[in-house]
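**Q** quick one: sequence plus predicted model below, questions after.
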Amino acid sequence: MTAGDTRRVRIGLIGCGSVARRHANWLAADPRADVRVCCDPSHAHADALQREFFPQAIVEDEERNAFDLHAELDAVVICSPTLRHHHQVCQALDHGLHVLCEKPLAMEREEVVEICDRAKHVGKIVSIAHQRRYKSPYATARRELTQNADRYGPVYHVALTVCERWQQTIRGTWRDDPTVGAGYFGDAGIHQIDVLHFLTDRRVERLIAQSERRGSQVEIATRVIGELSGGVGLSATFVGHAHHYREDIHVYGRDADLLLRNEELFRCQDNEVERITDLVPESNPDAAFIDAILNDSPTITPPEIALPIYDWTAAVLKSAASGQWVAL
């Protein structure tokens, strides 16, 4: 937008649960967003979100009714359960709407491919709400490994470690259902593997994994060794029954290392650890989505990024079951 530009994007919010509340905060703070409808099978959820954030919006219980308002909308933000994503994204595209969808984009690889193809065919934006790509530490880390790559030299290994008090919170929820989720490595790994691709532009080519359920119905502790494109090594550990949260992403280069630790960024060289403070400005998926619509700016979270995440998840499950290396 230019100075004095008053263009607004008319948005339908599909799904009004806890995840939608994060988007509602971002949208309500953006003067370019005009939320016209809040839709959720639970009228109470939709009504509560509308009353708190978007008094100008109407409330709908049926998604069909929300999509029937497409002539009054430019876009939708989809925050419904994953099982509904593919159908709702396709509905939106068929109605000529741009789409921002929560992750994961779909349950099956074929569904992701269909969404990618359909978006290209109708010429509409589909963006996935992988919020880490928009956060300052991760965007700055990508800058370091691209614009400032000479400081680090060729990358030869990436190590990911994430732990959380996760198992203790999932009993009786969909996260403990193996037909819906892929356990803690799926829940956390969807972020880690996306950040890996975002930072290094490298994909996992093969891996071997071990996993334990520790009394749950889904994977709780998972260890992965793999190889990225270009012969770069990978080691990843996901501990879902810890008693604290921690995330380490360590990129080892020939001349220096880059460390992301709980969203703080460090450059490591000659046994010295220097905190990086000149961070890229913060953004969020909703602001970037509106930018893409109004200014024709590219999205950094297009639907295609869901494919390597899906392949990673399937390969880890296959290897953990077989004990064998799996090529992606």
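**A** Nice, thanks for sending it over. Numbering: from 1, shown residues only.

**Q** which residues of the stretch 101-250 of the chain fall in strands?
**A** For the stretch 101-250 of the chain, applying DSSP state E, counting those that start in this stretch gives strands covering 126-128, 155-165, 204-212, 221-228, 232-239, 241-253.

**Q** let me know which of these is tucked in deepest.
**A** Among these, the stretch with the highest mean neighbour count (mean count of other C-beta atoms under 10 Å) is strand 126-128, at a mean of 27. The C-beta positions use only the backbone N, C-alpha and C, and glycine is treated the same way.

**Q** so which of the strands of the stretch 101-250 of the chain is nearest residue 35?
**A** Proximity to residue 35, assessed across the strands of the stretch 101-250 of the chain by C-beta to C-beta, is greatest for strand 126-128 (16.7 Å).

**Q** avg pLDDT for the closest one?
**A** Averaged over strand 126-128, pLDDT sits at 97.

**Q** so where's the protein shaky on pLDDT?
**A** Along the chain, segments meeting pLDDT under 70 span 1-5.

**Q** would you map out the domains in it?
**A** The record's domain parsing of the chain by automatic domain parsing lists 9-131, 136-281+303-327.

**Q** can you give me the end-to-end distance of the first one?
**A** Its first and final residues considered, domain 9-131 spans 20 Å by C-alpha to C-alpha, to the nearest Å.

**Q** same thing with the last one?
**A** Taking C-alpha to C-alpha as the measure, domain 136-281+303-327 stretches 33 Å from start to finish.

**Q** can you start the count at 819 instead of 1 from here on
**A** Understood, numbering begins at 819; the last thing we discussed is domain 954-1099+1121-1145.

**Q** let me see the backbone angles for the residue of the chain most remote from its centre.
**A** Centroid-distance maximum for the chain: residue 1088 at 34.3 Å, with C-alpha atoms, centre = their mean. Phi and psi for residue 1088, reported as degrees, to the nearest 10, are phi 50, psi 40.

**Q** need the contact list for it.
**A** Listed by C-beta atoms under 8 Å, 6 or more residues apart in numbering, residue 1088 has no contact partners.

**Q** among the domains of the chain, which is nearest residue 1107?
**A** domain 827-949 (4.4 Å).

**Q** how far does that closest one sit from the chain's center?
**A** 15 Å (C-alpha atoms, centre = their mean, to the nearest Å).
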